[in-house]
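Colleague: Here's a sequence, model it:
(2 chains)
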Amino acid sequence: MDGEGTAGMLDRLRDVLRDNAVEERDWDAVAPETTIESLGFDSLTILDVLYDVEEEFGIALEPKQVVKTRTVGEIVGLLQQHGA
Amino acid sequence: MLHLLEYWAARLALFGVDLLPPAAASRWAGWLGSLWWTADRPRRRVAISNILRAGVAGDPAEARAIGRAATRHMGTVLVESLKSALVLDDPDRVRVRIPDDVQAVLEDPDQGLIVVSGHFGNWELAGQWLSRYKPVAGISRPMNNPRVQELALSRRPRHGFRMIPKYDPDPGRFIKLLGDGEILALLVDQHARQGLDVPFFGHPAKTHTTAAMLHLVTRAPMCFATCRRAAPMTFDLTLSPLIERQRSGDRSADVEAILLALNGLLEEAIRRDPDQYLWGHRRWR
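Modeller: Got it, this is the predicted structure:
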């Protein structure tokens, strides 16, 4: 995950995660290796996150691919694959 | 202690159900429902108030009559669910209406489907019947009594139908199920503390948004189902045409539009058969 593009994408993703947060945490500390599971989203709030990610980046993700991701960095990778 | 008492009461009720032939068991359960109506005063008051607020009864006497009949109905639903193996494969017992667009989804093994309903008719039978096409996962809130929950789960006919808990550590499991081509069955008519205020019989009611969000995010097709009890051990299972909503970018507006459509379909079914609805739930808070 090198390059300014990736860093900027991670910042935007952090904002989406923060907007849908269900628990207090230091969102600036969320790093590419942070696991999705550790962020505290449940089966409903994860849908809010996915909706907002697609709106934020203007892409349509394949939900089956998204649920296979384990870390924030993997989501950024998926966004890059989709040309975000 | 209370949980233990409830558990043995449930065991006793099931013993009666097993012992009697279906028609007698159904009558017995209806009688138990009437007894419940008489004994559970707080629930009775909620039901009468709900029926009047919904406008399906003209006066309190009519509301009481509907409420009593609906509670009897819930007793029969319990028995008929437990004895569903007797009706599921009999086309004279389950009369089915499925629009072509939904039928195409059901016959496509790769296509998931969101099936929405309410506590109307025999909703569980609908899920069991649909499992002949593809596996069905019904989302349920765990019962307050874990012993009774375990007993209930052990008695449900399986086929391709299973109940899954509403809360689970894996947040992506609903998405996975739909991605695997399964049916996800949800009931949307319980009070949702963090839900969206959507009119139900003209009054704002906090409504679960999960079904709508699943449709918007996964783009899985969605339809509404009712399984009306037409006669003892006989049902009319009706699926609506696919309900589709393109995303507008306004999440709240999209979700509200879908929930309005779903509530409208449920209201329509309830107005036709108000004595087949679970009125004792505090829907408006």
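Colleague: Show me what from chain A comes close to chain B.
Modeller: Contact residues, chain A versus chain B (C-beta under 8 Å from any C-beta of the partner chain): A:36-37, A:41-48, A:50-52, A:54-55, A:60, A:63-64, A:66-67. The way it works is simple: take the backbone N, C-alpha and C, and place the C-beta from them, glycine included.
Colleague: Skipping adjacent residues, who's closest to residue 56 in space?
Modeller: Because you didn't say which chain, this covers chain A. Residue nearest to residue A:56 in three dimensions, not counting chain neighbours: residue A:16, with 5.4 Å by C-beta to C-beta, 6 or more residues apart in numbering or on different chains.
Colleague: let's do chain B instead
Modeller: Computed as C-beta to C-beta, 6+ apart, the closest residue to residue B:56 that is not its neighbour in sequence is residue B:274, at 4.3 Å.
Colleague: just the helices in the chain please.
Modeller: You didn't pick a chain, so chain A it is. Shown for chain A, the helices assigned by DSSP state H span residues A:4-19, A:45-57, A:63-66, A:72-81.
Colleague: my question was about chain B
Modeller: Using DSSP H, the helices assigned to chain B run over residues B:2-19, B:22-39, B:41-54, B:60-82, B:100-106, B:123-130, B:146-155, B:173-179, B:210-218, B:251-272.
Colleague: mind putting those in CSV, mean neighbour count and distance to residue B:202 included?
Modeller: Formatted as CSV, the helices of chain B follow (neighbours: other C-beta atoms under 10 Å in any protein chain shown; distance: least, C-beta to C-beta, whole Å):
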stretch, mean neighbour count, distance to residue B:202
helix B:2-19, 13, 36
helix B:22-39, 17, 26
helix B:41-54, 18, 8
helix B:60-82, 21, 16
helix B:100-106, 16, 29
helix B:123-130, 25, 23
helix B:146-155, 14, 34
helix B:173-179, 22, 31
helix B:210-218, 25, 20
helix B:251-272, 18, 9
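Colleague: What's the separation between residue B:17 and residue B:82?
Modeller: 6 Å (C-beta to C-beta, to the nearest Å).
Colleague: Now tabulate the helices of chain B in TSV and tack on mean pLDDT and distance to residue B:164.
Modeller: What follows is the helices of chain B, written out as TSV (pLDDT from 0 to 100; distance: least, C-beta to C-beta, whole Å):
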stretch	mean pLDDT	distance to residue B:164
helix B:2-19	76	21
helix B:22-39	84	26
helix B:41-54	95	27
helix B:60-82	90	17
helix B:100-106	98	20
helix B:123-130	92	12
helix B:146-155	75	11
helix B:173-179	92	8
helix B:210-218	95	13
helix B:251-272	96	20
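Colleague: Please produce CSV containing those, extended by distance to residue B:189.
Modeller: Below are the helices of chain B laid out as CSV (distance: least, C-beta to C-beta, whole Å):
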stretch, distance to residue B:189
helix B:2-19, 24
helix B:22-39, 19
helix B:41-54, 11
helix B:60-82, 14
helix B:100-106, 21
helix B:123-130, 10
helix B:146-155, 20
helix B:173-179, 19
helix B:210-218, 11
helix B:251-272, 6
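Colleague: Contacts for the helix or strand bottoming out on mean pLDDT in chain A next, please.
Modeller: None of the helices or strands of chain A scores lower by mean pLDDT, DSSP states H and E than helix A:63-66, at a mean of 82. Under the criterion C-beta atoms under 8 Å, 6 or more residues apart in numbering or on different chains, residues A:50, A:75, A:78, B:172, B:175, B:176, B:178, B:179, B:217, B:218, B:219 lie in contact with helix A:63-66.
Colleague: what's the closest of those residues to residue A:29?
Modeller: When those are compared for distance to residue A:29 (C-beta to C-beta), residue A:75 comes out closest, at 16.5 Å.
Colleague: List the buried residues in the least confident helix or strand of chain A.
Modeller: By 16 or more other C-beta atoms under 10 Å in any protein chain shown, the buried positions in helix A:63-66 come out as A:63, A:66.
Colleague: With stretch B:133-143 instead?
Modeller: Buried residues in stretch B:133-143, counted by 16+ other C-beta under 10 Å: B:133, B:134, B:135, B:136, B:137, B:138, B:139, B:140.
Colleague: Quick one: low-confidence residue ranges for chain A.
Modeller: Low-confidence segments of chain A, defined by pLDDT under 70, span residues A:1-4.
Colleague: tell me, what residue is most central in it?
Modeller: Central residue of chain A (C-alpha atoms, centre = their mean): residue A:13, 4.8 Å from the mean position.
Colleague: so residue B:83 makes contact with residue B:24?
Modeller: No - look at residue B:83 against residue B:24 with C-beta atoms under 8 Å: they stay out of range, at 11.2 Å.
Colleague: residues contacting residue 30?
Modeller: I'll assume chain A. Residues in contact with residue A:30, defined by C-beta under 8 Å, 6+ apart, are A:14, A:17, A:39, A:72.
Colleague: look at chain B instead
Modeller: Residue B:30 is in contact with B:72, B:73, B:75, B:76, counting by C-beta under 8 Å, 6+ apart.
Colleague: Would you mind measuring from it to chain A?
Modeller: 36 Å (C-beta to the nearest C-beta, to the nearest Å).
Colleague: And residue B:69, by the same measure?
Modeller: Using C-beta to the nearest C-beta, we find residue B:69 at a distance of 35 Å from chain A.
Colleague: Provide a list of residues in contact with the closest residue in space to that residue that isn't next to it in sequence.
Modeller: Taking C-beta to C-beta, 6+ apart, and ignoring the residues beside it in sequence, residue B:69 has residue B:275 as its nearest neighbour in space, at 3.7 Å. Contact criterion C-beta under 8 Å, 6+ apart gives B:66, B:69, B:70, B:73 as the residues in contact with residue B:275.
Colleague: nearest spatial neighbour of residue B:115, skipping sequence neighbours?
Modeller: residue B:185 (4.8 Å).
Colleague: Surely residue B:225 and residue B:240 touch.
Modeller: Yes - here residue B:225 reaches residue B:240: they are 7.5 Å apart, a contact under C-beta under 8 Å.
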